[in-house]
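Here is my input; please provide its structure:
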Amino acid sequence: MTRLLSDFKVEVIQIAQIEPHTNADSLSIVNVHGGYPCIIRTDDFKAGDLAIYVPVDAIVPVSNPLFHFLRKREDQIQHRVKASKLRGVFSMGLLVPASAKMREGDDVQEMLGITKYDPEVTLAEFSRLGQREHDPGYMPTFGVESLRRYRTFDEGELVQVTEKLHGTSFSAVWRDDRLYVRSHKVMRAAPRVVTPADEREYKWDLAAFKLRNCAWKLCRIFGMSAPVRPRKPHNVGLDIFWRVAQHYDLADLLKLRPNMAIYGEIYGPVQKGFPYDAFDLTFDGQLWPALAIFDVKDTVTDEWLSVTDAQDFCDDLGLRMVPVLAGRIPFSLARIKELSDGKSLLNPKHIREGCVVRRLGAERKIAKYVGDDYLLQQGKA
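Have a look, this model is predicted:
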């Protein structure tokens, strides 16, 4: 099933079963929602207890007594929860005690001041993020259920499995006699001409940022009270999303298939540690990332194309789709877990982020499985 909003929650759960840790008597394992192994201290919980499950990529305030144990420095304000291995056993997230007022199923994210880690796209020297514009709602935020929690497929159901790329989300559609371009959460404004005054203003803003950032680093080094870390100013003009759209001639291509939205991943030098060595584009002597499509939607009927129809659509327009790990296999959660780990088909120097599973046939079913190896690598970062 496709979810249009994030399913990130900090949920109160009831512990159904506690399993022993194979390498430590003082530790035990709770499988949250059946697919999120979480290592606990054996004496902290018992079956039937209510607990708060804090998932991977949660940003928790260490000032909260529940998370004091995560504080490593006096000036530390928050901590990012990561996957890890404890005594050789994989663990995803934290379990902390629930208060007497909490009930099973409560989402206490806001109550505890927890936010979700949302990595900014790393665009190096070509980081021009541009401006946003009004979003008419043609391309809602794309998200899918996790197979670690949701049992989306029946065993034996025929599915296609593709590689989940670690890049940045991109979508585009030709509608209302113009091209719309969107990042994961923001409709990107159409490019405008950059004037000399714009460039001068950007250079001054950049110089001021460098001075403030230097002051922030010195405060951290000498243990002084540091201000909020400054944010690098964004240059105006043609951002990476529109540059990709222009390189692939999407205005001309999608004009041939109006109202059909493509959803894809910009990959290459856009995420730290995952360049994929896939530099497809050249602008003004600079190398730029590539685009791979993973879904196609009719924005008028609000229907998604089937796996085969989406492939035909991309073939007709000469657009690349994401790598296929298995074209037609019976669904098995164990097999999906195997496919989620391993080397990327784009570049064996990188591990896979995971995989995406789609049902073959007219009925749409889609879910993802982020690999253990990727989560562990992120935990070490």
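
Show me the strands in the stretch 101-250 of the chain, by range?
With strands called from DSSP state E, counting those that start in this stretch, the stretch 101-250 of the chain shows them at 115-116, 143-146, 158-164, 168-175, 178-182, 187-188.

now those strands in TSV, with mean pLDDT, distance to Asp302 and mean neighbour count?
For the C-beta atoms, the positions are set from N, CA and C on the backbone; glycine is no exception. TSV is the format used below for those (pLDDT from 0 to 100; distance: least, Cβ to Cβ, whole Å; neighbours: other Cβ atoms under 10 Å):
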stretch	mean pLDDT	distance to Asp302	mean neighbour count
strand 115-116	90	27	16
strand 143-146	88	16	18
strand 158-164	97	22	21
strand 168-175	95	12	23
strand 178-182	94	16	20
strand 187-188	88	18	21
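
Of all these, which one comes closest to Trp304?
Among these, strand 143-146 comes nearest to Trp304, with 11.3 Å by Cβ to Cβ.

For the closest one, name the packing helices and strands.
Under the contact criterion of 3 or more Cβ pairs under 8 Å, 6 or more residues apart in numbering; DSSP states H and E, strand 143-146 touches strand 2-3, strand 366-370.

How far off centre is it?
From the chain centre to the centre of strand 143-146 is a distance of 10 Å (Cα atoms, centre = their mean, to the nearest Å).

so what strands line up beside it?
strand 2-3 (antiparallel), strand 366-370 (parallel) (DSSP bridges).

so can I have a markdown table of the strands of the stretch 101-250 of the chain showing distance to Glu265?
Formatted as a markdown table, the strands of the stretch 101-250 of the chain follow (distance: least, Cβ to Cβ, whole Å):
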| stretch | distance to Glu265 |
| --- | --- |
| strand 115-116 | 19 |
| strand 143-146 | 13 |
| strand 158-164 | 9 |
| strand 168-175 | 7 |
| strand 178-182 | 13 |
| strand 187-188 | 16 |
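
Averaged pLDDT, stretch 62-72. What do you get?
Taken as a whole, stretch 62-72 carries a mean pLDDT of 91.

Find me the pLDDT at Met139, would you?
As summarised for this prediction, Met139 has a pLDDT of 91.

Leaving aside the residues adjacent along the chain, what's closest to it?
Nearest residue to Met139, sequence neighbours excluded (Cβ to Cβ, 6 or more residues apart in numbering): Ser171, at 4.5 Å.

List the residues that contact that neighbour.
With contact set as Cβ atoms under 8 Å, 6 or more residues apart in numbering, Ser171 has these partners: 139, 142, 181-182, 261-264.

Relative to Ala367, which of those is nearest.
Ala367 has its nearest neighbour among the contacts of Ser171 in Phe142, at 13.1 Å by Cβ to Cβ.

Pop out the phi and psi values for that closest one.
phi -90, psi 130 (degrees, to the nearest 10).

and it, how many neighbours does it have?
Applying other Cβ atoms under 10 Å, we find 19 other residues in the vicinity of Phe142.

which SS class is the closest residue to it other than its chain neighbours?
The spatially closest residue to Phe142, leaving aside those adjacent along the chain, is Tyr263, at 5.3 Å (Cβ to Cβ, 6+ apart). Using DSSP: H, G, I helix; E, B strand; the rest coil, the structure places Tyr263 in strand.

pretty sure Tyr263 is touching Phe294, no?
Yes - counting by Cβ atoms under 8 Å, Phe294 is a contact partner of Tyr263 at 6.0 Å.

If you count surrounding residues, which of these two has more?
With neighbours defined as other Cβ under 10 Å, Tyr263 and Phe294 compare such that Phe294 has more, 22 against 19.

Run through who's touching the helix or strand harbouring that one.
Per DSSP states H and E: Phe294 is located in strand 290-298. Strand 290-298 is contacted by residues 139, 142, 162, 165, 170, 244, 248, 259-268, 276, 278-281, 303-305, 309-310, 313-314, 319-323, 356, 366 when judged by Cβ under 8 Å, 6+ apart.

hey, C-alpha coordinates of stretch 63-80 in CSV?
Output in CSV follows, covering the C-alpha atoms of stretch 63-80 (Å, rounded to 0.1, in the frame of the first residue of the first chain):
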residue,chain,number,x,y,z
SER,A,63,17.4,16.7,28.6
ASN,A,64,14.4,14.4,29.1
PRO,A,65,15.1,12.1,32.0
LEU,A,66,14.1,9.1,29.8
PHE,A,67,17.1,9.8,27.6
HIS,A,68,19.7,11.1,30.1
PHE,A,69,21.7,7.9,29.5
LEU,A,70,22.3,8.9,25.9
ARG,A,71,24.1,12.1,26.8
LYS,A,72,27.8,11.9,26.0
ARG,A,73,28.8,15.6,26.5
GLU,A,74,27.6,18.3,28.8
ASP,A,75,26.7,20.5,25.9
GLN,A,76,24.8,17.8,24.1
ILE,A,77,21.2,18.7,23.3
GLN,A,78,19.9,15.8,21.3
HIS,A,79,20.8,12.3,20.2
ARG,A,80,20.0,10.4,17.0
